[in-house]
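Undergrad: Predicted model and sequence below, questions to follow.
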Number of protein chains: 4
Amino acid sequence: MSGSTFGTLFTVTSFGESHGAAIGCVVDGCPPGLALTEADIQIELDRRKPGTSRHVTQRKEPDTVEILSGVFEGKTTGTPIALLIRNQDQRSGDYSKIMNTYRPGHADYAYAHKYGVRDYRGGGRSSARETAVRVAAGAIAKKWLKEKHAIVIRGWMSQLGEIRIPFKGWEHVGENAFFAPNDEIVPQLEAYMDQIRSERDSIGARIEVIATNVPPGWGEPVFDRLDADIAYAMMSINAVKGVEIGDGFATVAQRGSYHGDELTPAGFLSNHAGGVLGGISSGQDIRVAMAIKPTSSIPQERRSIDKLGEPTMMMTTGRHDPCVGIRATPIAEAMLALVLIDHALRQRAQNADITPDAPRIAGLAPHGNQDVPSPRD
Amino acid sequence: MSGSTFGTLFTVTSFGESHGAAIGCVVDGCPPGLALTEADIQIELDRRKPGTSRHVTQRKEPDTVEILSGVFEGKTTGTPIALLIRNQDQRSGDYSKIMNTYRPGHADYAYAHKYGVRDYRGGGRSSARETAVRVAAGAIAKKWLKEKHAIVIRGWMSQLGEIRIPFKGWEHVGENAFFAPNDEIVPQLEAYMDQIRSERDSIGARIEVIATNVPPGWGEPVFDRLDADIAYAMMSINAVKGVEIGDGFATVAQRGSYHGDELTPAGFLSNHAGGVLGGISSGQDIRVAMAIKPTSSIPQERRSIDKLGEPTMMMTTGRHDPCVGIRATPIAEAMLALVLIDHALRQRAQNADITPDAPRIAGLAPHGNQDVPSPRD
Amino acid sequence: MSGSTFGTLFTVTSFGESHGAAIGCVVDGCPPGLALTEADIQIELDRRKPGTSRHVTQRKEPDTVEILSGVFEGKTTGTPIALLIRNQDQRSGDYSKIMNTYRPGHADYAYAHKYGVRDYRGGGRSSARETAVRVAAGAIAKKWLKEKHAIVIRGWMSQLGEIRIPFKGWEHVGENAFFAPNDEIVPQLEAYMDQIRSERDSIGARIEVIATNVPPGWGEPVFDRLDADIAYAMMSINAVKGVEIGDGFATVAQRGSYHGDELTPAGFLSNHAGGVLGGISSGQDIRVAMAIKPTSSIPQERRSIDKLGEPTMMMTTGRHDPCVGIRATPIAEAMLALVLIDHALRQRAQNADITPDAPRIAGLAPHGNQDVPSPRD
Amino acid sequence: MSGSTFGTLFTVTSFGESHGAAIGCVVDGCPPGLALTEADIQIELDRRKPGTSRHVTQRKEPDTVEILSGVFEGKTTGTPIALLIRNQDQRSGDYSKIMNTYRPGHADYAYAHKYGVRDYRGGGRSSARETAVRVAAGAIAKKWLKEKHAIVIRGWMSQLGEIRIPFKGWEHVGENAFFAPNDEIVPQLEAYMDQIRSERDSIGARIEVIATNVPPGWGEPVFDRLDADIAYAMMSINAVKGVEIGDGFATVAQRGSYHGDELTPAGFLSNHAGGVLGGISSGQDIRVAMAIKPTSSIPQERRSIDKLGEPTMMMTTGRHDPCVGIRATPIAEAMLALVLIDHALRQRAQNADITPDAPRIAGLAPHGNQDVPSPRD
């Protein structure tokens, strides 16, 4: 309830600052009997970790995770799983500038008003370093969802700055630093990023995620809708400024005769809804998109004020991602997994006994107004 | 925790079906001593109620609210405030068609899988009628926010289908059925809606809301960010498919040198962030936008299946809004008020003692890439 | 989270004051498909309602319940069930004395410090009238527990003031005004109460409750232990000052060799633990006892102060139970039912898939150091 | 919500098993600006740690705590405080007996039914070793309560087995291994414990705690009463089987004319209520007592069954406390501190603005039917 715990039944309580001793979390409510090792988590952390290409921050963090509890003889026991990631590359450099001013676009000014004090080293609690914890917890959720329900969650970058990235194939996503589903466009993305960096600037991105094989019936009707909880989850990721489900903002100009997904015995004929109807999963693919703002830390002089309210100029130096969206894909996948496992447990809590009053039909490609195939294709 | 309660400290527990005996809610955690009468709530309900123009549903519901508890001698006592709205215009008509099939775009199919049973009369729990409850609860939140913090929350329609609505002035919003901030465009909107209806179709809309005078420091750093809770609140409204904070999806193509709002002693120089930095309010206006999908109920034959999985055609007749977005503005305002009051209480719970470590500066118009003036202008 | 909602998954949100328009609650998270009518709830309310004997308050309240939502065609739908009980016998008498002083033993003084304002009519929110709501919600929980798990929850009075009431048989409990499991002692209890009243005084009582057929495995290991949640539930009942599980305070002087319930293939050999081990149900009967303090409202002059801090004498007149414990048995049963259904749902949420790693054995009578037979005997 | 998180606003999320890598917790919601070092926590851990006398377990655990986050330059920042205690003295001995049977009085059988799997080493998650975490978190709460509100929380042992311990003076509590407030009785207690051990048995105890200077107004009226949350907190401690507030079970035989604490300008004339009226603090001392059952692990042959349901005999060897109550006093103090800080924050969240509608009066010694002086005496 204090803002660092995510979820109702499968909960993640996060802790840690960018340049403190460690980051980590406690995962509570995980079903017992799930085979789980540190390697299962590490593989996801490695997808997000810094320093893997020249287009991301050069901070050296192996992000090695240690399981402190909740796993016995290779299986989850149902008790809390504590995950610990020691920070390795803290820099105790000169913070005299940053500690007395507020970096534009950053949380410094807001924290100063909220708490009166703040850990200014590397952004402290507001640093995107915290998202490693989400990826770690999400790895557990992903594994359970896959083993129990064959659910596959996959994300990709669909736009980098002005460059739209046509979806070519899932096999490309893991083959480049951008999580771009298209190998042909990668050189263009690289050149674009090199230019952004040379201009001492940063850029935004659009990330999309799809979950396949989510059974119908997950989510709650009114407030805790599946899509509402997804919006909450995604907007809680650093730098996210917009969230769409299904056709999203395109629905503003759509007609009802176009938008409403028709049903046939062979399946839904479209997926404009993005797999959620009335807040509850329909059995179609869950489709989510989000906008990631450009990194606020750029090596340019910018106007700000100091603690006394005097005007000052400041330039953020150090190691920063020129596009935080580049490493956001695994985070978005993790957050979607956390929402889904929570609602999986909530659904069987209340409705384990019921007999569905409808036949089960599948979704049919394509997805609404997009050319993206379902992961099950 | 069961999905019908909103908020952490100022909570709203909603109940009721479209054609049941009543809808209502229990508001718990309201500060005591707030002057409150049924008229304070009714004035907001009247803004949302059906039947006020030919462009909305013709269902006759006065939406008269009764305060059952929590108010004594005209003031809140700090104990739960129960609000009751009796349904007046239920129709016990012929539901034989609707009870055995699943309306495209509606929650019927998802509910049938979730619960096994459903109250199919008028959509039951999934009906947008439930949003009256939110407006009622939001009226209490709005009143407290205004009296305690001088916070003003105002929404408007910024797009109806393909028609973008330029912001002309706040004084127009209450003067037309669309909540359009522009009197000149109203005839065009009316003609557009008449055509949509004549084509037996429906259309989407874009709604925006701004909150002014929110102090810096509200919101939590990681999961329960102010913007994350706003996204959750807005996406929980029926038919919402996308949520933006500040510049939203426009940030994808923005540069960091453009997006990051600079600070000067006179105030922030822009408001691309939408009043939230690192999940915490900055003192600038909170800017939210949302996409409302077109109404799913349209009087056209559409493909569906029946309970046996056989194909069928169905046409939704009855009284429906051809654009649910038209009545969405008061709902969006209410949800924003509910988020803000909850975080107001959370903030003083944890941080009542602190001395801000920053001077207080205001925002300066204009709002990022929009031409919308602040309500305080 | 604001104190008027009980439970994690099966939640009860209570509202209402003693002399306000109505009391009631919203039950959220109830499994769908449960047959439920107002009569199912009324039968429990009638066990608790006032005016049924000369030993309880003479306030005339039929406590007629109306189901406002969540039930369709005689079955729960899984959506919130709102219950409404209109107050009938409010008295708008002269409160000039009570409004300016603080009745000893009552919440008046504490409320005045908490909220600054209070509804002083009949105790307002602090009145035991609120417990009718718990009985109503508990009736739903009881019904589900019985139908789904054959769980039986039964309470009785085991002591009235100085008079210990030997357990004779379950059949007696419903046959007298005291919920005494012993018909022979009833005349003594009646004479005792007549004397207490003639002395213008009140008296305490001890209430016990047993739940039979609770499966092993319900409850959480650390904080949300089954017994911890039971203690919370019982201590939340007006006038309860102590709670015991199993042998309770008798364990202080017990040896481990006596207390630890041994297991045999035929069952546990004793039930000193009260059916809970490490916070989790063992499959034995859940045994709970509680102390109810004497009614604070007595028609004697007592010392108090007024709002100005001046000493004053006050005498509480009006209609009051001379022993609030007399009507407490149905309330205690209801609270135990609410705890159990919540943990039933929590258990299957997390652990629906598991195979127990132990054979299922039953409990054997008798219950620890008591001579009370199990309800299944 | 998954059972390992305590509190609503000041939350403690606990993790760890007796013989796993570590135990620890995440404290979220702590007010910022509190001076805090590891030494502040260590001092409380040292009061509970094993091996300090021959009357407790001889396991060698220094219980050294590390603060991983949430503290910067010696002060809390308002962000989560993660506390880590590495286990030092795990024994990987022969568990072949324990893994296939269920120790009488222990949680083994219940866990096997709940989770299907369990970490059987030293009781795993059900071990009282987990309570070290509560003491660590409670140390933070205690410090804030003392600095902000001058609240003092002190506990003591009032009964060991059959031996009642008369209260002589606070200064004795810290001077003996039993937390006995009476130096003269210590030799008798030591002899008693030596005899219990020589008989290969264990014994129960009664622990009491008092909190002084709690302001009036903390607690919620209906479910989350201050005393209900205290009952929940205390019953969640391993081996607790009963909880009393104020006069507790003695109220069963009390008259209303005796029990109701009268008010005078000089203060309350008694404290039978234990400082809580209608669930809300009255400004008097909060008085809590609890029953601790005898340790279940004793070196005697006892009847049990194995996984196949066959009868077996088992004897628990190893290092165990012959009276778990001996080390329970710091744990009870910690849990009371956690409840109080949570309600302190809740109170100012809702009611920061109010003007109390009553003069502030103090309590007067003595405490109801006890001869225990208030800590402020």
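TA: It's in.
Undergrad: Report the spatially nearest residue to A:Ala139, omitting neighbours in sequence.
TA: A:Glu44 (4.0 Å; Cβ to Cβ, 6 or more residues apart in numbering or on different chains). Placement of C-beta: from N, CA and C, glycine included.
Undergrad: okay but A:Arg125 is in contact with A:Asp119, surely?
TA: Yes. Taking contacts as Cβ atoms under 8 Å, A:Arg125 lies within contact range of A:Asp119: 6.7 Å.
Undergrad: How many residues are close by the nearest residue to A:Arg346 once chain neighbours are set aside?
TA: Sequence neighbours aside, A:Leu9 is the residue nearest to A:Arg346 in space, at 5.9 Å (criterion: Cβ to Cβ, 6+ apart). Neighbours of A:Leu9 under the rule other Cβ atoms under 10 Å in any protein chain shown: 26.
Undergrad: In terms of neighbours, single out the busier of A:Arg125 and A:Asp119.
TA: Comparing A:Arg125 with A:Asp119 by other Cβ under 10 Å, the one with more neighbours is A:Arg125, at 30 against 27.
Undergrad: Tell me how far A:Gln300 lies from chain C.
TA: Between A:Gln300 and chain C the computed distance is 44 Å (Cβ to the nearest Cβ, to the nearest Å).
Undergrad: again but with A:Asp40, I slipped
TA: Distance from A:Asp40 to chain C, by Cβ to the nearest Cβ: 19 Å.
Undergrad: Quick check: the gap between the residue nearest the centre of chain A and chain D.
TA: The structure's chain A has its C-alpha centroid closest to A:Ala332; by Cα atoms, centre = their mean the separation is 2.1 Å. A:Ala332 sits 23 Å away from chain D, going by Cβ to the nearest Cβ.
Undergrad: cool, A:Asp285 as well?
TA: Using Cβ to the nearest Cβ, we find A:Asp285 at a distance of 28 Å from chain D.
Undergrad: returning to that earlier point: which residues are common contacts for A:Arg125 and A:Asp119?
TA: A:17, D:77, D:79 (Cβ atoms under 8 Å, 6 or more residues apart in numbering or on different chains).
Undergrad: hey, what's the nearest residue in space to A:Ala291 that is not next to it in sequence bridged with?
TA: Counting by Cβ to Cβ, 6+ apart, A:Ala291 lies nearest to A:Gly242, which is 3.8 Å off, once chain neighbours are set aside. When assigned by DSSP bridges, A:Gly242 has beta-bridge partners A:Ala291, B:Glu244.
Undergrad: circling back: is the residue nearest to A:Arg346 in a helix, a strand, or coil?
TA: Per DSSP: H, G, I helix; E, B strand; the rest coil, the secondary structure class of A:Leu9 is coil.
Undergrad: Verify the stated contact: it with D:Ser2.
TA: Yes. Between A:Leu9 and D:Ser2 a contact is recorded at 6.0 Å, counting by Cβ under 8 Å.
Undergrad: what residues are shared contacts of those two?
TA: Common contacts of A:Leu9 and D:Ser2 (Cβ under 8 Å, 6+ apart): A:29, C:350.
Undergrad: near chain B, which residues of the stretch 51-200 of chain A?
TA: Residues of the stretch 51-200 of chain A lying near chain B by Cβ under 8 Å from any Cβ of the partner chain: A:102-118, A:125-126, A:130, A:159, A:161-162, A:196.
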